[in-house]
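Novice: Fold the following.
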Amino acid sequence: MPVLITGTSYSSNSPIASWMDRKQRLNYINVYAYTAPDKFVPFRPFILRVAINKSAGRVTTIRKGQICRGLNLVWDFELTVLPKEILDFLPWIVNLVEAHDKGSPLLLESPPHSFELNVSEVKLFNNAWTEKAWLLANPTIFPTRNI
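Specialist: Next comes the predicted model:
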């Protein structure tokens, strides 16, 4: 599907990629630093977050002449990874978006690294952490289950 890369996101100065799904809803993805070392906390771990449709309402870019039924407010997903894991996840993220767009979770492949998945009670938000990112961010807490 055609993807438009534009401007900045809600959480950083990084570009966002957006696309229209089969139901003509606008979706978007952004990759940003969840945590990173800085002048005041130089030993803070560098951890990335991939956010899909997170904080909807901040993206308004639509191509001229494109039919849009609004932002996709039905589904969002966050994946928190280490920088060395993100490239492994790119094909999986594309597969996740395609499986969701087709409405078939059975099409989803296994992730390239194990991760902890938290699903909220309202089933509108998914938040996943790779095991290594979770352990680096929470060195005294162990994940409860891996997928």
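
Novice: Need the residues that contact stretch 35-52.
Specialist: With contact meaning CB atoms under 8 Å, 6 or more residues apart in numbering, stretch 35-52 is reached by 9, 11, 27-34, 75-83, 86, 89, 93, 96-97, 133, 136-137. C-beta here means a position set from N, CA and C on the backbone, and glycine is covered the same way.

Novice: cool, stretch 90-97 as well?
Specialist: Contacts for stretch 90-97 (CB under 8 Å, 6+ apart): 27, 29, 50, 52, 77, 79, 107, 108, 109, 111, 112.

Novice: Of those, which is the most crowded?
Specialist: Tallying neighbours with other CB atoms under 10 Å puts residue 79 at the head of the contacts of stretch 90-97, with 25 neighbours.

Novice: Can you show me the strands along the chain?
Specialist: Assigned by DSSP state E, the strands in the chain fall at 4-6, 16-20, 26-35, 47-52, 76-81, 115-119, 125-130.

Novice: Kindly reformat those strands as TSV and extend each row with distance to residue 102 and mean pLDDT.
Specialist: Output for those, formatted as TSV (distance: least, CB to CB, whole Å; pLDDT from 0 to 100):
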stretch	distance to residue 102	mean pLDDT
strand 4-6	21	79
strand 16-20	14	87
strand 26-35	14	91
strand 47-52	15	94
strand 76-81	15	93
strand 115-119	20	68
strand 125-130	17	82
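
Novice: Tell me the bridge partners for the closest residue to residue 31 other than its chain neighbours.
Specialist: Among residues not flanking residue 31 along the chain, residue 50 sits closest, at 5.2 Å (CB to CB, 6 or more residues apart in numbering). Residues in a beta bridge with residue 50, per DSSP bridges, are residue 31, residue 79.

Novice: And for residue 71?
Specialist: Residue 71 has these beta-bridge partners by DSSP bridges: residue 26.

Novice: is it true that it touches residue 23?
Specialist: No - assessed by CB atoms under 8 Å, residue 71 is found out of contact with residue 23, at 11.6 Å.

Novice: Who has more neighbours out of those two?
Specialist: Using other CB under 10 Å as the criterion, residue 71 and residue 23 rank with residue 71 on top: 17 against 11.
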